[in-house]
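# here is a sequence with its predicted model. Questions after.
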Amino acid sequence: MDGVTLKRDKQNEHVAEIVLDRPEALNALSTAMARRLGAVCAEVAADGGIRAVVLSASGDKAFCVGADLKERNAMTDAEILAQRPVFRAAFGGVLNLPQPVVAAVHGYALGGGCEFALSCDMIVADESAVFGLPEVSVGLLPGGGGTQLALRKLGSGRAADLVLTGRRLAADEAAEFGLVDRLVPRGEARAEALAVASLIARNSPTGVRAAKRAMRLGGDLPLEAALDVEENAWRTVAFSPDRREGIAAFNEKRKPNWPDPS
């Protein structure tokens, strides 16, 4: 539907998979697809039963090649400006999901595709993956969070290398660069990402969400202020039903039965 599909993992009902599903266009992001993705992310964010998310893509050639430039070529300046909040909502929807998000990347992840991967908490890529932020080569700059997310993930020098040259990184170089967190054989990115998401989903949903939020909020703060962020997160979980259930399950030598976060 409009280039994005949402489904639950058959092996773990607490794992959702958001699929970029426009393979005939290499999953290029159209206005309709961006609008649908924003709506799907809002649906996932509100679902307390979803504890981890995989962002994947259909087709054999690409994760996502960025904005649909064929669509954009026919647009007026006013139409491009009107499209902007729709795109920001799509990228922000992925970035701001309260659940951990694992990207499963194969093929081309260029422009907005690379930015979608950077918006996730972890990037799993197979050996076919090719990453790049080529926007400067067509008179633009990465506008889906790329300049800021690359800076935070890679550091200033490597972010500049990626953003200012517009060059592409093959999967092995992307892993050495620090862009890819797990590199797997061709065709195995989705399975690995689902396995990682399933591991996450076994843990306390309240604890996991609080830990993600603490890392996001504290990442750019001085250490003392960041430790205050961690303290607030700890207080949230220390007196939660999850903590009581987790300790009871440990002592009773059973798996925890986590309540869904409200």
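Sure thing, it's come through.
# could you pull out the helices for the protein?
Residue ranges of the helices in the chain, as given by DSSP state H, are 31-45, 69-73, 77-95, 112-118, 146-154, 156-165, 171-177, 189-201, 205-218, 223-238, 241-251.
# which one of those helices is the most hemmed in?
Looking across the helices of the chain with neighbours counted as mean count of other C-beta atoms under 10 Å, the highest average goes to helix 112-118: a mean of 29. (C-beta placed from N, C-alpha, C; glycine too.)
# chain center to that one: distance?
With C-alpha atoms, centre = their mean, to the nearest Å as the basis, helix 112-118 stands 8 Å off its chain's centre.
# point out where this protein drops to low pLDDT.
Applying pLDDT under 70 to the predicted model, the residue ranges of the chain that meet it are 1, 262.
# residues in contact with the most centrally placed residue in it?
Centrality entry for the chain: nearest residue to the mean C-alpha point is residue 120, 2.2 Å, by C-alpha atoms, centre = their mean. With contact set as C-beta atoms under 8 Å, 6 or more residues apart in numbering, residue 120 has these partners: 55, 94, 101, 102, 103.
# so which of the helices of the chain is nearest residue 15?
With respect to residue 15, and counting by C-beta to C-beta, the nearest of those is helix 189-201 at 4.6 Å.
# pull the distance from that closest one to the chain's centre.
Its chain's C-alpha centre lies 13 Å from the corresponding centre of helix 189-201 when counted by C-alpha atoms, centre = their mean.
# what helices and strands are in contact with that helix?
Using 3 or more C-beta pairs under 8 Å, 6 or more residues apart in numbering; DSSP states H and E as the contact criterion, the secondary-structure elements in contact with helix 189-201 are strand 15-20, strand 52-57, strand 101-105, strand 122-126, strand 182-184.
# buried deepest among those strands, which one?
strand 101-105 (a mean of 30).
# other residues contacting that strand?
Strand 101-105 is touched from outside by 52-57, 63, 94, 116-117, 119-126, 129, 131, 180, 189-190, 192-194, 196-197, 200, with contacts defined as C-beta under 8 Å, 6+ apart.
# mind redoing it with 7 Å?
Applying C-beta atoms under 7 Å, 6 or more residues apart in numbering, the set of residues contacting strand 101-105 from outside is 53-56, 63, 94, 116-117, 120-125, 129, 189-190, 193, 196-197.
# any chance of the helices of the chain in JSON lines, plus distance to residue 24?
As requested, the helices of the chain are exported to JSON lines (distance: least, C-beta to C-beta, whole Å):
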{"stretch": "helix 31-45", "distance to residue 24": "12"}
{"stretch": "helix 69-73", "distance to residue 24": "12"}
{"stretch": "helix 77-95", "distance to residue 24": "19"}
{"stretch": "helix 112-118", "distance to residue 24": "16"}
{"stretch": "helix 146-154", "distance to residue 24": "25"}
{"stretch": "helix 156-165", "distance to residue 24": "28"}
{"stretch": "helix 171-177", "distance to residue 24": "24"}
{"stretch": "helix 189-201", "distance to residue 24": "19"}
{"stretch": "helix 205-218", "distance to residue 24": "34"}
{"stretch": "helix 223-238", "distance to residue 24": "43"}
{"stretch": "helix 241-251", "distance to residue 24": "44"}
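# residue 136: which of the ones you listed is closest?
Counting by C-beta to C-beta, residue 136 lies closest to helix 156-165 out of the helices of the chain; the figure is 6.5 Å.
# of the contacts of residue 120, which pair is most distant in space?
Checked with C-beta to C-beta, the contacts of residue 120 reach their widest spread between 94 and 102, with 11.5 Å between them.
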